[in-house]
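Chemist: no sequence for this one, just the structure:
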Ligand SMILES: Cc1cc2nc3c(=O)[nH]c(=O)nc-3n(C[C@H](O)[C@H](O)[C@H](O)COP(=O)(O)OP(=O)(O)OC[C@H]3O[C@@H](n4cnc5c(N)ncnc54)[C@H](O)[C@@H]3O)c2cc1C
Ligand code: HEM
């Protein structure tokens, strides 16, 4: 794969500088030839103009050994069914990708580059197609919003009832589209409850700055609206065989998967001590504290520590949750679960490394890069 990898990198470097224009050309090629494909993409293409092109280029270039990424690519293929991607679309997209790079590279482009991209794309596409083909599930599930509660200016907790049962494990996440307000924009959210008999799923969502989907989910969505949900993903799940005590560290709505894991523990745990660290900027953002405290009052193995980083009169801990965790401990023998913004997760992982918590004992989900 060495030669192929260097051909791919070398050829991409010829057009990288004009990435935005290459993306424009790439989509234009696809939509001119196959206008129907326009309907697969979000209405406002400028929002994430280079998303698909960027994703493919990254996949092709970083997946130097496609066998190692077999499961990832199969999952990506399964997931693409939610975009209504059909097998024949792969060829169209692969062709447009190479044509657009060729158009911008000019004289420097060579037949070897054509071949390198065609080969690498074909391997990846075939793995994605195999994953899609083998999936027994529907491409997505419809669900009705059966509860919606604003917990703060920016946070809502809502409940969705899928029209068909949707299996997932506590701690996983799934992608969600709200066609009424933001058609064809999918984002990932983590159910905040362990699977229930009535199949309902709770979600905790924070509207981020200029966020397209999150602000619609928090500020516009109402009971009775329909959403689409796609297959569960993620591995931040409990190992039932572990006898170690556990620490859950949540920042803001990062609490969602943590609460789901906690709920699962309430169904069988008798022997493990569990410590929850829940942090936010202000007390208003500790939007689910009442429920957490109720759980802690009911289950003697559970303790909850809260912290605010921008609320000097808050009676709990002061500061970032990553620093607060480090004040407690020792933690060398614990299983860790960390969830929140990219910044919060990164800071917590750094702290845990300093405390010599082995990385194999840490599972985490980061909401942003
Ligand atoms: C595995 C996983 C699980 C997730 N689970 C949840 C969950 O349970 N609850 C939840 O509220 N969110 C969750 N998220 C985040 C969610 O998927 C979206 O990224 C988020 O709601 C923003 O989407 P948007 O369309 O509103 O923003 P976009 O329109 O995609 O982004 C708008 C702008 O906001 C910035 N931005 C995006 N996300 C954040 C953020 N979190 N903080 C600050 N700035 C941001 C972007 O960089 C961009 O500049 C999860 C993300 C991942 C990867
Ligand atoms: C090698 C082949 C491909 C790879 C590696 C790839 C990879 C990706 C990735 C990583 C994403 C972002 C995932 C997400 O946000 O959930 C994405 C999004 C998407 N892909 Fe693909 N993809 C491929 C082929 C295709 C094909 C053939 C189509 C059909 C037209 C397609 C349509 C889409 C659409 C519609 C989106 C959402 C785009 C958006 O929100 O702007 N992809 N792709």
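Modeler: Happy to help now that I have it. A quick note: this is a predicted structure, and the numbers were derived from the prediction, not measured. Ligands and ions are numbered 1, 2, ... in the order given.
Chemist: do the host helix or strand of residue 343 and ligand 1 meet?
Modeler: Take DSSP states H and E as the rule and residue 343 turns out to sit in helix 342-354. No: applying Cβ under 6 Å from any ligand atom, one finds helix 342-354 separated from ligand 1 by no less than 7.6 Å. Any C-beta I mention is one placed from the backbone N, CA and C, and that applies to glycine too.
Chemist: what is the mean pLDDT for that helix?
Modeler: The pLDDT scores in helix 342-354 average 97.
Chemist: One more: stretch 292-304?
Modeler: Average pLDDT, stretch 292-304: 97.
Chemist: likewise stretch 241-260?
Modeler: The average pLDDT within stretch 241-260 is 97.
Chemist: Quick check on the residue of the stretch 101-250 of the chain found nearest ligand 2: phi, psi?
Modeler: Closest residue of the stretch 101-250 of the chain to ligand 2, Cβ to the nearest ligand atom: residue 124 (4.2 Å). The phi and psi torsions at residue 124 (degrees, to the nearest 10) take the values phi -70, psi -50.
Chemist: got it, and residue 204?
Modeler: Per-residue torsions, residue 204: phi -120, psi 120 (degrees, to the nearest 10).
Chemist: That one and residue 159 touch, don't they?
Modeler: No: between residue 204 and residue 159 there is no contact under Cβ atoms under 8 Å: 10.8 Å.
Chemist: Those two: who's more crowded?
Modeler: Just comparing residue 204 and residue 159: by other Cβ atoms under 10 Å the higher neighbour count belongs to residue 204, 23 against 20.
Chemist: Could I get the contacting residues of residue 327?
Modeler: Residue 327 makes contact with residue 317 under the criterion Cβ atoms under 8 Å, 6 or more residues apart in numbering.
Chemist: got the residues of the stretch 1-150 of the chain near ligand 2?
Modeler: Contacts of the stretch 1-150 of the chain with ligand 2, taken as Cβ under 6 Å from any ligand atom, map to 37, 40-42, 48, 51-52, 55-56, 59, 76, 80, 83, 85, 89-90, 93, 121, 124-125, 128.
Chemist: Now for residue 368: which residues touch it?
Modeler: Applying Cβ under 8 Å, 6+ apart, the residues near residue 368 are 341-343.
Chemist: ok, and the helix or strand in the chain with the lowest average confidence?
Modeler: Each helix and strand of the chain was given a mean pLDDT (mean pLDDT, DSSP states H and E); the minimum falls on helix 51-62 at a mean of 78.
Chemist: and the next element down the chain from that one?
Modeler: As assigned by DSSP H and E, the chain's next helix or strand after helix 51-62 is helix 70-80.
Chemist: Surely residue 129 forms part of a strand?
Modeler: No: with DSSP: H, G, I helix; E, B strand; the rest coil as the criterion, residue 129 is assigned helix and is not in a strand.
Chemist: Tell me the spacing between it and residue 365.
Modeler: 28 Å (Cβ to Cβ, to the nearest Å).
Chemist: more crowded one of those two?
Modeler: residue 365 (21 against 18).
Chemist: Direction included, what does the helix or strand harbouring the more buried one pair against?
Modeler: Using DSSP H and E, the secondary-structure element containing residue 365 is strand 362-366. Applying DSSP bridges, strand 362-366 is found paired with strand 335-340 (parallel).
Chemist: near ligand 1 at all, the partner strand?
Modeler: No: judged by Cβ under 6 Å from any ligand atom, strand 335-340 makes no contact with ligand 1; its nearest approach is 7.8 Å.
Chemist: Run through who's touching the longest strand seen in the chain.
Modeler: Using DSSP state E to define each element, the chain has its longest strand at strand 141-150. Applying Cβ under 8 Å, 6+ apart, the external contacts of strand 141-150 come out as 156-164, 166, 200-201, 218, 221-230.
Chemist: Might you specify the subset of the residues you listed located within strands?
Modeler: Those of these mapping onto strands are 156-162, 201, 226-229, per DSSP E.
Chemist: dump the residue contacts of the residue nearest the centre of the chain.
Modeler: Residue closest to the mean C-alpha point of the chain, counted by Cα atoms, centre = their mean, is residue 188 at 4.5 Å. Residue 188 makes contacts with 173-176, 233, as judged by Cβ under 8 Å, 6+ apart.
Chemist: cool, and residue 222?
Modeler: With Cβ under 8 Å, 6+ apart, residue 222 has these contacts: 145, 148.
Chemist: do the same with residue 206
Modeler: So residue 206 contacts 154-155, 214, 218, 252-253, 285 (Cβ under 8 Å, 6+ apart).
Chemist: want to throw the residues you listed into JSON lines with distance to ligand 2 and secondary structure?
Modeler: What follows is these, written out as JSON lines (distance: Cβ to the nearest ligand atom, whole Å; DSSP: H, G, I helix; E, B strand; the rest coil):
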{"residue": "154", "distance to ligand 2": "23", "secondary structure": "coil"}
{"residue": "155", "distance to ligand 2": "23", "secondary structure": "strand"}
{"residue": "214", "distance to ligand 2": "15", "secondary structure": "helix"}
{"residue": "218", "distance to ligand 2": "20", "secondary structure": "helix"}
{"residue": "252", "distance to ligand 2": "22", "secondary structure": "helix"}
{"residue": "253", "distance to ligand 2": "19", "secondary structure": "helix"}
{"residue": "285", "distance to ligand 2": "26", "secondary structure": "helix"}
